[in-house]
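S.K.: here's my sequence, what's the structure:
(one chain, ligands or ions: 1)
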Amino acid sequence: MQRLLTNPAAAEFDAEDAGTVMRFLTAYLAMTDRRALLTGTARMQQRPIAILVDALRQLGASIAYEREEGYPPLRLQGRQAIPEATEADEMPELTVRGDISSQYISALLMVGTTLPAGLRLRLTGKVGSRPYIRMTLALMQHFGGNCRDLGTVVEARPGPYQPTDYTIESDWSAASYWYAMVALAPAGSWVQLPGLRRYSWQGDQAIVGIMEKLGVTTEYLTDGVRLMQTARTEAFAQDFTDCPDLAQTVAVVAAALQVPVLMSGLESLRIKETDRIFALQTELANFGAFLTEESDGHFRVSADNFQVSGQTVATYHDHRMAMAFAPLALRGPLTIEAPQVVRKSYPQFWAELEKAGFDVQ
Ligand SMILES: C=C(OP(=O)(O)O)C(=O)O
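M.R.: Numbers count the residues shown, from 1 in each chain. From the prediction side, this is the model:
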């Protein structure tokens, strides 16, 4: 994102494998008069974007699909000039599906403040990743944006953003892999992670409650957290609608500890970096574990005889596959294919593992 935003003359924008970048940049560029081609990796070209494009078109953006209808690459042809708002102008209202990706909603909200009369979104369906919408609104407000969360309706009112200081929180999604390590480590192990906040805007802080059931307790420190082992639950059900990026971490730990977990809210996993359900099912099977769909949308993790004995884990161009399976090295040697995938969200991951005492070759 930083690379693309700091290249104002560019006519082609390659978001690589970052869906967030693709969606946010589409909305951002669509609201300018720029002509640009937005593209990404082969997988990015399979990740849907029609909901966002349709909404932006209704706001006056001219966007064409370069290849397949509904998917990147996108050709942006500039936006029709919009007249200044008058007192009588009503806030435009768009109906947007909330059950595919919260990134479309965040993207629209952030540009909504730049529209003459703002923007109201009416969200339909089972809204997923709701904490990301809340985080977007909170950050917009932090930077002077005027916006409101009314549940199924979210609003961005017109007005400029203001530069202001902001300290970026440490990443609870990345922390989830350290929770996994504490869960799988020998008795008495603990880990301290700086920078994580008790009052966080991130939905993936849900890892605290989930891992409590898998034997990891969290102590909040002045700066960060200490993770320690505790007794674990025998079996539980967990809905990942608000925190889909934690699903892989939890599935792997539950399988390794042989704690049966019934997982739901996984609908969005099929359109992430890879089809994460398929990837998990395939790779867990090599360890004697299963992710089985019991009823519509409910998957049970189970394992009879979980063994780590030199398996090779394919990562499917997905950083979270690599990082979710890596903690299994605490139970035996294993090979992670294409380890450089971690560069997407946690480039120092392997170096940090070495620092913690793992033998990484
Ligand atoms: C947000 C993520 O990916 P993307 O931006 O590609 O959807 C992620 O995996 O955490």
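S.K.: C-alpha only now, for contacts and for neighbours.
M.R.: OK.
S.K.: mind checking which helix or strand of the chain has the lowest mean pLDDT?
M.R.: For the chain, the helix or strand with the lowest mean confidence is strand 74-79, at a mean of 90 (criterion: mean pLDDT, DSSP states H and E).
S.K.: is the ligand contacted by stretch 258-268?
M.R.: No: using C-alpha under 6 Å from any ligand atom, stretch 258-268 never reaches the ligand; the gap is at least 9.9 Å.
S.K.: average pLDDT for that stretch?
M.R.: Average pLDDT, stretch 258-268: 96.
S.K.: repeat for stretch 213-233
M.R.: 97.
S.K.: can you give me the helices for the protein?
M.R.: 2-5, 19-30, 50-58, 102-112, 130-142, 172-184, 207-213, 247-257, 276-285, 319-325, 349-355 (DSSP state H).
S.K.: the ones you listed: which one's closest to the ligand?
M.R.: Nearest to the ligand among the helices of the chain is helix 19-30 (3.4 Å), distances taken as C-alpha to the nearest ligand atom.
S.K.: can you give me the angle the closest one makes with helix 50-58?
M.R.: On the basis of axes from the mean of the first three to the mean of the last three C-alpha atoms, to 10 degrees, helix 19-30 is oriented at 10 degrees to helix 50-58.
S.K.: got a list of contacts for stretch 3-11?
M.R.: Contacts of stretch 3-11 with the rest of the structure, by C-alpha atoms under 8 Å, 6 or more residues apart in numbering, involve F13, D14, A15, R35, A36, L37.
S.K.: does the third one touch T39 like I think?
M.R.: So that's A15. Yes: with contact defined as C-alpha atoms under 8 Å, A15 reaches T39; the gap is 6.1 Å.
S.K.: next, V259: phi, psi?
M.R.: Phi and psi for V259, reported as degrees, to the nearest 10, are phi -100, psi 110.
S.K.: which ones are touching the residue most central in space within the chain?
M.R.: Nearest residue to the geometric centre of the chain (C-alpha atoms, centre = their mean): D245, 5.4 Å. Neighbouring residues of D245 by C-alpha under 8 Å, 6+ apart: S173, D204, R320.
S.K.: name the residues contacting each of A15 and T39.
M.R.: Joint contacts of A15 and T39 (C-alpha under 8 Å, 6+ apart) are M22.
S.K.: returning to that earlier point: which of the contacts of stretch 3-11 sit farthest apart?
M.R.: A15 and R35 (16.1 Å; C-alpha to C-alpha).
S.K.: I'd like the helices of the chain laid out as CSV, including mean neighbour count and distance to the ligand.
M.R.: Converted to CSV, the helices of the chain look like this (neighbours: other C-alpha atoms under 10 Å; distance: least, C-alpha to the nearest ligand atom, whole Å):
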stretch, mean neighbour count, distance to the ligand
helix 2-5, 11, 14
helix 19-30, 22, 3
helix 50-58, 18, 14
helix 102-112, 24, 8
helix 130-142, 19, 10
helix 172-184, 24, 7
helix 207-213, 19, 14
helix 247-257, 24, 11
helix 276-285, 18, 10
helix 319-325, 25, 7
helix 349-355, 15, 14
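S.K.: using a markdown table, please lay out these together with distance to L221.
M.R.: Formatted as a markdown table, those follow (distance: least, C-alpha to C-alpha, whole Å):
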| stretch | distance to L221 |
| --- | --- |
| helix 2-5 | 32 |
| helix 19-30 | 31 |
| helix 50-58 | 40 |
| helix 102-112 | 31 |
| helix 130-142 | 23 |
| helix 172-184 | 15 |
| helix 207-213 | 14 |
| helix 247-257 | 24 |
| helix 276-285 | 34 |
| helix 319-325 | 25 |
| helix 349-355 | 21 |
